[in-house]
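S.K.: sequence and predicted structure are below.
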Amino acid sequence: MSENKSPSSDDKADVVSISGQSGASSEDHEPDGVTFEVVEEELHGGQSVRRRGVYLLPNLFTTGALFSGFYAIVAAMNQSFEQAAIAIFVSMIFDGLDGRVARMTNTQSAFGAEYDSLADCISFGAAPALVSYSWALHNLGKVGWMIGFVYMACAALRLARFNVEHDNSDGRYFTGLPSPSAAALVAGMVWAGHEWGISGADAVIPAALLTAYAAVMMVSNVKFNSFKEIDFKGRVPFVAILVVVLAIAVIFSDPSRVLLGIFLLYSLSGPISMLLGKDKAR
């Protein structure tokens, strides 16, 4: 957020001189010295205007997602794998809300988009890789940390590709497995393994294969349904509400296994559609 400081006489003179220039405003003046400020250019009335500060509400949700990802790493380091997996799912909830809140409140910004991508790289790249490594992959030695690194690198590459291609892509589909879904697949595996009483040492091979599969799918060109065509604002049949209630009840009856099953099926839906030839018309 912008700082409220009383300008000195010299600063006032600078502001006046800048304000007198054609098309300029007092917001174009950047004070010297150490500051905690963000200056961002926005289009206003067909002209580029420099604005100071950031939007608080959407960035709070992004910060919540970042904190949850960081907490997942700390919990995994302390061998609290159930808490680590749950924290990644909490991060997914925050990540799903920040963009929607920004659009609903008309507070989208380039800063928010960049901040969201960096937070995603931690929450859905570094955190799942370290959780999987701490739970099982460390038993493979160098191969284990290499798989963890490949997963993290693929998540970063997936986010970078999305940032440069999303304006030109078909909004109905994602190119490659979305990083939150890949993180949910890895976190669901760890959570379900903990619920089943399976140690990471006993599941090291499945864990390695599933983590590697999620990594490859993120950077692949396989199409995955984005479900963005669903209209949440329009009217729906009454039975749709009953289906939603039933789905929530099923998830909460056994969240670790149900969520693992959901995201495993979603991660397989793209390759299956490709093999069946259904994505040729996309």
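M.R.: Yep, that arrived.
S.K.: and Gly171, which helix or strand is it part of?
M.R.: Following DSSP states H and E, there is no helix or strand that holds Gly171.
S.K.: can you pull the phi/psi pair for the closest residue to it other than its chain neighbours?
M.R.: Closest residue in space to Gly171, ignoring its immediate chain neighbours: Lys228 at 5.4 Å, by C-beta to C-beta, 6 or more residues apart in numbering. For every residue, glycine as well, the C-beta is placed using N, CA and C. As for Lys228, its main-chain torsions (degrees, to the nearest 10) stand at phi -80, psi -10.
S.K.: low-confidence ranges in the stretch 101-250 of the chain?
M.R.: For the stretch 101-250 of the chain, residues meeting the criterion pLDDT under 70 lie at 166-170, 231-232.
S.K.: where do the strands of it begin and end?
M.R.: 173-175, 223-225 (DSSP state E, counting those that start in this stretch).
S.K.: picking up where we left off before, roughly how far apart are the residue nearest to Gly171 and Ala129?
M.R.: Using C-beta to C-beta, to the nearest Å, Lys228 is found at 28 Å from Ala129.
S.K.: counting neighbours, go ahead and name the busier of the two.
M.R.: Ala129 (28 against 11; other C-beta atoms under 10 Å).
S.K.: can you tell me how far that one is from Ala207?
M.R.: Ala129 is 12 Å from Ala207, by C-beta to C-beta.
S.K.: repeat for Asn221
M.R.: 26 Å.
S.K.: what about the two, which has more around it?
M.R.: Neighbour tally, Asn221 and Ala207, criterion other C-beta under 10 Å: the higher count belongs to Ala207, 26 against 10.
S.K.: surely the more buried one touches Ala136?
M.R.: Yes - under the criterion of C-beta atoms under 8 Å, Ala207 makes contact with Ala136 at 3.8 Å.
S.K.: shared neighbours of the two, anything?
M.R.: 190, 193, 200 (C-beta atoms under 8 Å, 6 or more residues apart in numbering).
S.K.: is it true that the second one touches Trp135?
M.R.: Yes - distance between Gly193 and Trp135: 7.2 Å, which falls inside the contact criterion (C-beta under 8 Å).
S.K.: the two: who's more crowded?
M.R.: Neighbour totals were compared for Gly193 and Trp135, and Trp135 leads with 27 against 23 (other C-beta under 10 Å).
S.K.: excluding chain neighbours, what is closest to the more buried one?
M.R.: Per C-beta to C-beta, 6+ apart, closest to Trp135 is Gly200, 4.0 Å.
S.K.: angles on the backbone of that neighbour, please.
M.R.: According to degrees, to the nearest 10, Gly200 has phi -60, psi -30.
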